[in-house]
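In: next one to model:
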Amino acid sequence: MKAWKYRFTSKALIEETASQRIVYGLWEKLFGCWVVNSATRRSHEIIPTWRPLNKNGVWRDQEEIRFAKHEHPHKAFFPRWRYEANAAFAGYFTGIPRRLRTVVSSLDHYQWLALDLIWQQPEFARFLDEEVYNNTQQFPFSCFALVNAETLSRTRRNELAVSLMSRKRTDLLSELYGAKCTGATLRVLNKLGKRPWSGNLYKAVIGNMSDPVLAKAFSHAESIHPRALDLLNTMPRDFLLPNVARLTLADPEIPAETISDARLIDTAGNLSRLLDKAPEIWRRRAMDSLLTIGDLRSLSEWVLKWQWKLIEVLDFPPPPFDGKGPLAPLASAGAMRRESMEMGNCLDRLIAEVIVGRAYFYHWQGTEPASVRIARSIHDGWRFDKALSIDNVPLSKQTEDHVRSLVEKWLKH
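Out: Numbers count the residues shown, from 1 in each chain. Coordinates of the predicted model:
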């Protein structure tokens, strides 16, 4: 049976397992959290990122905190472990003034970090309280995320707390991000709501504020949803005209299927590459029509519409290798459409990938007929990618290995 024990000393709550000891320093002594390896006795300080408190500043059930719903500890921990853990942490958090627990209760996975900063700089509690009251908590959240504050040393965390309270906000944010930030940047960050986000998301928002078109759209948006930001960051930059940027951020109910559909983003990328290959008159027509887009669904339709238009006017590139025996290249849009119909697959949707040079397709005329994809990467050039039979049924291993070896052989010649 695994050991999982709790005991208090005059300075800390000790949590022990078979492999390690976690020392939770008491608030009235030296607040913090240290992990000690049971075998080597070596220790290191950590800032827990689990959320110990609920919205009222009351400690949460340890089973809920420490284990995901699908990840249960050893049965020996129930109910004894749960009872002992909850009793131990109830005693531990009781030692932290309720007012302070309430101040940090809305800070999600930064609760423990905030308590640490308050312990080191007591006036930081008032600073945080005012940030939450004024709905400007995204300023400390973004600073925490940009420097991975939970990984900093105790001294560096203390310096960060002092800087947050004393330095000009735009100067501190500029220093942590590595480029100029303005008051407009701070105002836009506040539109991200009340919860903290990832460092990459904050970097994306701050970085986009250097683009005049996106900065204007951000400034006019009432709020910014991370899903909308994902779409802006994955769409080709050429397509982010003022109306597209504005409607993406302004739509309060962005269709989930629009944002999460990787195929839409991939299709938009292909369309951008197609436009680079198209005559200038076609590019002007496409971009002029993009100016009339008024919602995200129309944007999806615009991407598909212009992809098909350009597929009809652009030439197919030559295949990586000519037809060899039973392996025949699908060297036109018509050939790919016929393959899609006869083989029951989606090759008709992948024509743009061929024209822009990302892939090429062949038909294998063996006893197990198959559609074969040859992919090209910047580093490796052309290579065998996959081969699937009718209705995308996998080939037998023997047939797939045979097709693969032939493709690799002919690609070398």
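In: now the element after the longest helix belonging to the chain, going C-ward?
Out: The longest helix of the chain (DSSP state H) is helix 296-313. The element immediately downstream of helix 296-313 (helix or strand, assigned by DSSP states H and E) is strand 327-329.
In: roughly how far is that next one from the heart of the chain?
Out: Distance, stretch centre to chain centre, for strand 327-329: 39 Å (C-alpha atoms, centre = their mean, to the nearest Å).
In: going forward, the N-terminal residue is numbered 16.
Out: Sounds good: first residue 16 from here, last item strand 342-344.
In: quick one: mean pLDDT over it.
Out: Per-residue pLDDT values over strand 342-344 give a mean of 93.
In: got it, and stretch 228-248?
Out: Taken as a whole, stretch 228-248 carries a mean pLDDT of 85.
In: what is the neighbour count of the nearest residue to Glu60 once chain neighbours are set aside?
Out: If you skip the residues right next to it in sequence, Glu60 has Trp49 as its closest partner in space, 5.2 Å away by C-beta to C-beta, 6 or more residues apart in numbering. Where you see a C-beta, it was placed from the backbone N, CA and C, and this is true even at glycine. Residues near Trp49, counting by other C-beta atoms under 10 Å, number 15.
In: excluding its backbone neighbours, what's nearest Ala367?
Out: Closest to Ala367 by C-beta to C-beta, 6+ apart is Asn285, at 4.0 Å.
In: since we're on that neighbour, how many residues are nearby?
Out: Considering only other C-beta under 10 Å, Asn285 is surrounded by 23 other residues.
In: the one 3 residues further on too?
Out: By the other C-beta under 10 Å criterion, the neighbourhood of Arg288 contains 17 residues.
In: now the helix or strand where it lies against helix 311-328, angle please.
Out: Per DSSP H and E: Arg288 is located in helix 277-292. Helix 277-292 runs at 50 degrees relative to helix 311-328, counting by axes from the mean of the first three to the mean of the last three C-alpha atoms, to 10 degrees.
In: from the chain's centre, how far out does the helix or strand immediately after helix 277-292 in the chain sit?
Out: Scanning forward in sequence from helix 277-292 by DSSP H and E, the next helix or strand is helix 295-305. Mean-position distance between helix 295-305 and its chain equals 32 Å (C-alpha atoms, centre = their mean).
In: now helix 295-305: buried residues?
Out: Buried residues in helix 295-305, counted by 16 or more other C-beta atoms under 10 Å: Trp297, Arg298, Ala301, Leu305.
In: one step back: what helices and strands are in contact with the helix holding Arg288?
Out: With contacts defined as 3 or more C-beta pairs under 8 Å, 6 or more residues apart in numbering; DSSP states H and E, the packing partners of helix 277-292 are helix 241-249, helix 295-305, helix 311-328, helix 366-370.
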